[in-house]
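1. Just the structure for this:
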Amino acid sequence: MKMRVRLQVAVLASLAAFAVALLPTMGGTASARELSAYRTGRWIEVDTSTGTAYAIQNGRVVYTARVTVGGRYFPTPKGTFTINRRVANEVMDSSTIGIPNNAPGGYYLTGVLYTQYFYDGVSLHYNYWSPPSAFGSAAGSHGCVGMMLKDAAFFWNFASIGTPVIVY
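-> Residues are numbered from 1 along each chain as shown. From the prediction side, this is the model:
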């Protein structure tokens, strides 16, 4: 019995030491980016505060892209999702989300390449209608994560159905 208790105490102490090692020296809590270094496999992270998307493999960032994200009225949803549908060449039509094409905020876009849906109509995709200066600095989509062509192509080749997408 004493041996079992000592073993349980040792395991708990080890877990506590590991948890403390994860915490940054200032601030007291570990961020998603810091914790992601301990995961394996492939996933995508989107930092909405900096307009940056990361392709991560086995805890290492292998690609970084500046992106556009959702604006005030249509924010990009935060959380952990998975890519559930991919369309190589999409038509995006605001009437599918209840906004008439000719209304303010309406759109009908063809040739939207490398579209990867991860949440209720929200996707990673090529965004050809925003100027290069918007990437990494402007929010204004209807929730999607917009990318320049070379970045959207990279993420298309990096991911597949089931790839996790972590948005924070």
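
2. Can you check which strand is longest in this protein?
-> Looking across the chain with DSSP state E, the single longest strand is strand 108-119.

3. For the helix or strand following that strand, name the packing helices and strands.
-> Sequence order places strand 122-126 as the next helix or strand after strand 108-119, per DSSP states H and E. On a contact count with 3 or more CB pairs under 8 Å, 6 or more residues apart in numbering; DSSP states H and E, strand 122-126 meets strand 108-119, strand 145-147, helix 149-158. C-betas here are computed from N, CA, C, even on glycine.

4. deepest of the ones you listed, which one?
-> Of all these, strand 145-147 has the most neighbours on average by mean count of other CB atoms under 10 Å, namely a mean of 26.

5. That one - contacts with which helices or strands?
-> strand 122-126.

6. Compute the inter-axis angle for the strand it packs on and helix 149-158.
-> In terms of direction (axes from the mean of the first three to the mean of the last three CA atoms, to 10 degrees), strand 122-126 departs from helix 149-158 by 120 degrees.

7. Direction included, what does the helix or strand just after strand 122-126 pair up with?
-> Per DSSP H and E, strand 122-126 leads on to strand 139-141 as the next helix or strand towards the C-terminus. Note on strand 139-141: by DSSP bridges, its sheet partners are strand 69-70 (parallel).

8. Under the pLDDT cut-off, which ranges of the protein? List them.
-> Regions of the chain meeting the criterion pLDDT under 70 cover residues 1-38.

9. how does it divide into domains?
-> When the chain is parsed with automatic domain parsing, its domains come out as 1-29, 31-167.

10. Tell me which of those is the most buried.
-> Counting by mean count of other CB under 10 Å, domain 31-167 has the highest mean neighbour count of those, with a mean of 16.

11. one step back: of all the helices and strands packed on strand 122-126, which one comes closest to Pro131?
-> With CB to CB as the criterion, Pro131 lies closest to strand 145-147 of the helices and strands packed on strand 122-126, at 11.4 Å.

12. Pull the residues that contact the closest one.
-> Outside strand 145-147, the residues that touch it by CB atoms under 8 Å, 6 or more residues apart in numbering are 46, 53, 65, 67-69, 76, 114, 122-127, 130, 135, 155, 167.
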